[in-house]
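Q: Quick check, what structure comes out for this input:
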Amino acid sequence: PNYPVGGNCGAQCIELNKVNNTYLLQAGDLVRLQVGGSRRLLYLTSVTNQGSRFTITFLNVNLFLRRDSGLNNLLLARAGTSVQKLKAVVYWRDASTQTLWRADTFTPAGTPIAREMATNVEDFKTSLLFVNNFEHPGYDGLDADTTNDGNKIIGVKIRARLKTDRVDPSVNNGQPVYRWYEWRVAPRNLLYEKNRMG
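A: Below you'll find the predicted structure:
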C-alpha cells in the first residue's frame, strides 16, 4: 500500500531500513528519492540512527537545483521507496560581474557554496553529452529522437569565452584577445554503469 507523508517523523522526514545493517548518509548529502516512477531530489539536514532503521530529514523546499524536491502529494510505498546518494556539481555565470562560478557543496539552507573559476567570461554555453557521441542542449524522453533520452546522458560540456585582463599595443593591434575554453565533465562510473546495465 501507499502511505501519505507525516507518519512517524513528520512531513520532511522518512524512516528507512538499513542495508546490511548500515547506512552511509549524513547531513549535507544530496539524495535521489525513488518511489516507483517518481523521483525527488532531497538535501539532507539530518540523519539519525534508529536501531535497525535510520531516519532522514530534508530541506523543506519544492525545488532543489531546478528539480522536484520535498514530498508534496507523493505517496510512499513500503516496499518501493529507496534513496541513493548523489554528488552535484553546479556551474553558472554571473552576467553582472562576468564571472564563472562552480559549486559542489551547499550551506545548511541549500545555497551553493561558490568558488570562482574564471573572470572576464564574455559568453557561457552548456550542452549534454549522450552515448554514441551525441550532443544536445537538453534531454527529452518523450520526443521521437531517441538519442537525447535522459537514460543516455553520460556527461556535460561547458564552453566559456574569456577576454584578456590587459591589452598590449603590440598584440592584436591593442585590442582585447578572446579565447574559447571547453570542459567536459562526466562521472567516472556513469558510462560503465550504463554499459553494465545495457
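
Q: In contact with the spatially closest residue to residue 112 that is not a sequence neighbour, which residues are there?
A: Using Cβ to Cβ, 6 or more residues apart in numbering and skipping the chain neighbours, the partner closest in space to residue 112 is residue 103 (3.4 Å). C-betas here are computed from N, CA, C, even on glycine. Listed by Cβ atoms under 8 Å, 6 or more residues apart in numbering, the contact set of residue 103 reads 89, 90, 112, 113, 114, 115.

Q: Which phi and psi values does residue 103 adopt?
A: When quoted as degrees, to the nearest 10, the phi and psi of residue 103 stand at phi -140, psi 140.

Q: thinking again about what came up before, most neighbours out of the contacts of residue 103, which is it?
A: With neighbours defined as other Cβ atoms under 10 Å, the most crowded of the contacts of residue 103 is residue 112; it has 18 neighbours.

Q: which ones are touching that one?
A: 90, 101, 103, 105, 106.

Q: Looks like the second one contacts residue 114 (just checking).
A: Yes. Counting by Cβ atoms under 8 Å, residue 114 is a contact partner of residue 101 at 4.3 Å.

Q: tell me, what residue is most central in this structure?
A: Computing the C-alpha centroid of the chain and ranking residues by Cα atoms, centre = their mean puts residue 88 first, at 3.8 Å.

Q: so who does the residue nearest to it when sequence neighbours are not counted touch?
A: Across the structure, with Cβ to Cβ, 6+ apart as the measure, the residue nearest residue 88 apart from its sequence neighbours is residue 30 (5.4 Å). In this structure, residue 30 makes contact with 41, 42, 43, 44, 64, 85, 86, 87, 88, 106, judged by Cβ under 8 Å, 6+ apart.
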